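1. predicted structure and sequence below. I'll ask about it afterward.
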Amino acid sequence: IQGAGTALHELLVSAQRRGCLTAGVYESAKLMNVDPDNVAFCVLATDQEDEGDIALQIHFTLIQAFCCENDIDIVRVNDVAKLAAIVGPSAESGEPRDLHCILITNPNEEGWKDPALEKLNLFCEERRNVNDWVPTITLPE
């Protein structure tokens with residue numbers, strides 16, 4: 001499972017550099033509604049204090065259902081602070097972003113294959129084989 005955390009870290013950095021990262025529950029929902037075929041991977045993130053947020057849990061349930069329906073691999077991360085350290089604030093505004101949901105979209109470059117994404121796709125496939133549909137990944141320190 002450690003390899004999955006490292007792969008997720010690499011994927012987030014690479015996607016951000018390529019402009020293929022969408023952060024935020026509402027932004028992600030809008031993108032999935034408009035262009036679901038372009039979504040390559042989904043990350044749902046919570047911290048301890050988010051567990052009681054019913055609205056957020058409902059959003060997560062809907063996003064997970066959508067991802068399953070559209071064959072989009074999806075993982076959970078239990079550390080929003082670590083995600084924020086990797087992804088950082090919004091480039092446009094410098095404001096902290098809503099990192100509860102992050103989508104990785106396919107870049108327009110033909111044939112672009114991210115080895116980290118391929119590793120995560122395999123990891124998700126293996127987890128599904130043991131009925132773990134939304135595996136939790138721990139990001140490296």
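-> Yes, it's here.
2. in this protein, mark out all the helices, start to finish.
-> 2-18, 25-34, 54-69, 80-87, 115-129 (DSSP state H).
3. any idea which of these gets closest to Thr138?
-> Proximity to Thr138 (C-beta to C-beta) singles out helix 2-18 among those, at 5.0 Å. (Each C-beta comes from the backbone N, C-alpha and C, glycine too.)
4. surely Val39 meets Leu103?
-> Yes - counting by C-beta atoms under 8 Å, Val39 does reach Leu103; the two are 5.2 Å apart.
5. find the nearest non-adjacent residue to Asp47, please.
-> Val80 (4.8 Å; C-beta to C-beta, 6 or more residues apart in numbering).
6. now for that neighbour: which residues touch it?
-> Ala45, Thr46, Asp47, Asp50, Leu99, His100 (C-beta atoms under 8 Å, 6 or more residues apart in numbering).
7. mind listing what the nearest residue to Leu83 once chain neighbours are set aside touches?
-> Distances taken as C-beta to C-beta, 6+ apart place Leu99 nearest to Leu83, at 4.7 Å, with adjacent residues excluded. Shown in contact with Leu99 (C-beta under 8 Å, 6+ apart): Ala23, Gly24, Ala45, Val80, Leu83, Ala84, Val87.
8. and for Asp47?
-> Asn78, Asp79, Val80, Ala81.
9. read off the pLDDT value for the residue nearest to the last one when sequence neighbours are not counted.
-> Of all residues beyond its chain neighbours, the one nearest Ala81 is Asp47 (7.3 Å), with distances taken as C-beta to C-beta, 6+ apart. The pLDDT attached to Asp47 in the predicted structure is 88.
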